[in-house]
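K.L.:
Kindly generate the corresponding structure for this input.
(one chain, ligands or ions: 1)
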Amino acid sequence: MSKFSQWQKLFFLTIITILTLILIIFSEHLLRDKTIIAVSSQNTINLSHTVLAQNTKEKTPKSIPQTVPEWARMVDITTINPNIVLDIRYATTNNFLGKQLYKVPKCALRKEVAIKLSKVQKELEEIGLGLKVFDCYRPLSVTKQMWAILPDSRYVANPANGSRHNRGAAVDVTLIDFNTKKELEMPTAFDDFSERAARDYPGNSPQVKRNSDLLAFKMQKYGFSSLITEWWHFDSVGWERFSILDIPLEKI
Ligand SMILES: [Zn+2]
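P.N.:
Numbers count the residues shown, from 1 in each chain. As a prediction, this is how the structure comes out:
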């Protein structure tokens with residue numbers, strides 16, 4: 001009797017331990033999904049550079065975590081995959097505003113997003129192609145500058161709402177030949193805000209459509225969603241977990 005009850009006790013103890021472990025893992029997952037992360041590149045919170053979403057519909061955290069999970073840290077894409085080519089247009093005057101808005105030509109993204117983009121690059125290399133990025137994280141103050149020059153939500157995100165670029169969770173990107181670094185032909189140039197930039201524009205040649213579809217297919221495969229009106233723009237799925245930031249690019 002006593003031996004049997006000991007085994008019984010052991011059995012129940014094991015079950016309780018397993019259930020507790022499952023509960024801990026599950027609650028950590030919930031927390032990870034529900035937390036809106038405010039983050040600087042040093043893995044610590046710098047309140048002076050952190051701008052939480054101003055949209056009232058946005059979920060604003062009651063308290064800011066003191067440490068930031070590794071996956072939400074802001075990183076320079078070149079530290080994750082140096083093969084991705086940069087052509088950061090807002091660090092030049094070669095953009096639709098004709099004005100330099102970034103001090104440095106840097107592609108900064110949340111680490112989770114950068115890793116996904118790196119996976120796309122690796123897969124493209126297998127077929128002799130690669131990625132060239134035009135824009136990644138965009139500080140909120142730059143969105144405000146853009147809005148001051150062109151206050152039209154067809155072209156620029158309204159800073160009152162912020163954008164996915166402001167969260168380090170969106171990327172403007174095209175395909176290049178890996179060896180020559182030449183861009184593949186796409187529906188339009190970057191930041192062409194005409195109807196021709198739309199993914200489903202019927203006037204595109206079959207080759208252009210194939211290129212644009214290939215980019216969208218590879219990006220979607222690794223967790224990005226495309227925008228119908230701009231062939232170059234992709235949001236990282238899960239972007240809403242990241243808060244809007246206003247850290248200058250040179251500080252990342
Ligand atoms: Zn974009």
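K.L.:
list the buried ones in the helix or strand encompassing S141?
P.N.:
S141 belongs to helix 140-149 when assigned by DSSP states H and E. Going by neighbour count (16 or more other Cβ atoms under 10 Å), the buried part of helix 140-149 is 140, 142-143, 145-147. C-betas here are computed from N, CA, C, even on glycine.
K.L.:
Over to stretch 192-206?
P.N.:
Counting neighbours by 16+ other Cβ under 10 Å, the buried set in stretch 192-206 is 197-199, 201, 204.
K.L.:
Around the ion, which positions in the stretch 151-252 of the chain sit nearby?
P.N.:
172, 233 (Cβ under 5 Å from the ion).
K.L.:
The same query, at a cut-off of 8 Å, please.
P.N.:
Selection of the stretch 151-252 of the chain residues close to the ion by Cβ under 8 Å from the ion yields 163-165, 170-172, 227, 230, 232-234.
K.L.:
Other residues contacting the host helix or strand of L131?
P.N.:
Element membership for L131, per DSSP H and E: strand 129-135. The contact list for strand 129-135 (Cβ atoms under 8 Å, 6 or more residues apart in numbering) reads 77, 83-90, 107, 117, 120-121, 124, 165, 171-178, 181, 183-184, 190-191, 232.
K.L.:
what's the answer for stretch 178-193, then?
P.N.:
Contacts of stretch 178-193 (Cβ under 8 Å, 6+ apart): 83, 85, 89, 95-96, 124-125, 128-130, 132, 134, 154-155, 172, 174-177, 194, 196-199, 201, 204-205, 207-208, 211-212, 215, 231-232.
K.L.:
Just the buried ones out of the residues you listed, please.
P.N.:
85, 89, 95-96, 124, 129-130, 132, 134, 172, 174-176, 197-199, 201, 204, 208, 211-212, 215, 231-232.
K.L.:
Let's see which of the residues you listed end up in strands.
P.N.:
Of those, the ones assigned to strands by DSSP state E are 85, 129-130, 132, 134, 172, 174-176.
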